[in-house]
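Q: Need a 3D model of the sequence below.
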Amino acid sequence: MVELRVDEMTCGHCVRAVTQAVRSVEPEARVEVDLDSKRVRVEGARSPDDLIRALDAAGYAAVRAGEEKPDAERRGGCCGCR
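A: Numbering: from 1, shown residues only. Predicted coordinates:
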């Protein structure tokens, strides 16, 4: 299981966008997104780095859970709703 922190998630649209980005890399993986904790858990993922790159391409800075905070100021989230 891979657990990532995506601090920029602020709404349901963010959850959908993050889920789609993860599934673009790992279509068969089980994806759980918790908006309150800003955590994304991916069961069946092969490469955390590939997931992080896909999220970055979708506009979300992500790090492995427990690592240093991503540079959230460089982005505005999905729709600038934060």
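Q: now the top helix by length along the chain, how far from the centre of its chain.
A: Longest helix in the chain, counting residues (DSSP state H): helix 12-25. Here the centre of helix 12-25 is set off from its chain's centre by 7 Å, with Cα atoms, centre = their mean, to the nearest Å.
Q: Which strands or helices does the following helix or strand past it pack on?
A: Tracing the chain C-terminally past helix 12-25 and defining elements by DSSP states H and E, one meets strand 30-34 next. Applying 3 or more Cβ pairs under 8 Å, 6 or more residues apart in numbering; DSSP states H and E, one finds that strand 30-34 contacts helix 12-25, strand 39-43. Every C-beta, even on glycine, is put in place using the N, C-alpha and C of the backbone.
Q: So which bits of the longest one are buried?
A: What it means is helix 12-25. If you call a residue buried by 16 or more other Cβ atoms under 10 Å, then helix 12-25 has these buried ones: Cys14, Val15, Ala17, Val18, Ala21, Val22, Val25.
Q: Where does pLDDT dip in this protein?
A: Scanning the chain with the threshold set as pLDDT under 70 gives 68-82.
Q: 80 instead?
A: Along the chain, segments meeting pLDDT under 80 span 67-82.
Q: Could you report the distance from Ala45 to Val22?
A: Going from Ala45 to Val22 by Cβ to Cβ, to the nearest Å gives 8 Å.
Q: Pull up the overlap in contacts between those two.
A: Residues touching both Ala45 and Val22 (Cβ atoms under 8 Å, 6 or more residues apart in numbering): Ala29, Leu51.
Q: so who does Pro55 touch?
A: Residue 55: Leu, not Pro. Contact analysis of Leu55 by Cβ under 8 Å, 6+ apart lists Leu4, Val6, Val18, Ala21, Val22, Val40, Ala61, Ala62.
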